[in-house]
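Participant: Make a model of this:
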Amino acid sequence: MKTIVFLCVENSCRSQIAEAFGKMMRTDGYQFLSAGSKPSGKVNPKAIAFMSDIGYDMSDHKSKGINSLPQDGVTAMISMGCGDACPQIPATIRLEWEIPDPKNMDDDSFIGVRDQIGLHVEKLIKQMDNNDSKN
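Facilitator: Have a look, this model is predicted:
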């Protein structure tokens, strides 16, 4: 089982959306988690609404801190573009995705960020699957 962790500051938008896309795209052989360095305590209502628009129910997602994550055995840790403010956990693969925080964006821009995250997650899964087929 590969454990993929998406990290941001509040764990209310970007990392939650990335976790949701992972769960939408791949359920076998992967575990998708998210957390934040300073969790807001709630998932952004726009994130919930705009993921619902594409068929994923995030209403049961919770904003959580890194203490909720496994501290070993993480395959990939992806920071969502928050630089030094993003938490760090031990992982085999570390990636930084420069994705703007959509929390104060208008709806169209927020949806654009959602879609950008979806493309990144899809590419990540394909790369990890391709690496498996080479081994």
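Participant: mind listing the strands for this structure?
Facilitator: Using DSSP state E, the strands of the chain run over 2-8, 30-36, 76-79, 93-96.
Participant: Can you list the low-confidence ranges for this protein?
Facilitator: The model of the chain has pLDDT under 70 over residues 83-87, 132-133, 135.
Participant: what about 80?
Facilitator: Low-confidence segments of the chain (pLDDT under 80): 26-27, 71, 81-88, 131-135.
Participant: which helix of it spans the most residues?
Facilitator: helix 107-134 (DSSP state H).
Participant: Now do that one: which elements does it pack against?
Facilitator: Applying 3 or more C-beta pairs under 8 Å, 6 or more residues apart in numbering; DSSP states H and E, one finds that helix 107-134 contacts helix 14-25, helix 45-52, strand 76-79. Placement of C-beta: from N, CA and C, glycine included.
Participant: How far off centre is stretch 90-108?
Facilitator: Centre-to-centre, stretch 90-108 and its host chain are 8 Å apart (C-alpha atoms, centre = their mean, to the nearest Å).
Participant: gap between the two ends of it?
Facilitator: 35 Å (C-alpha to C-alpha, to the nearest Å).
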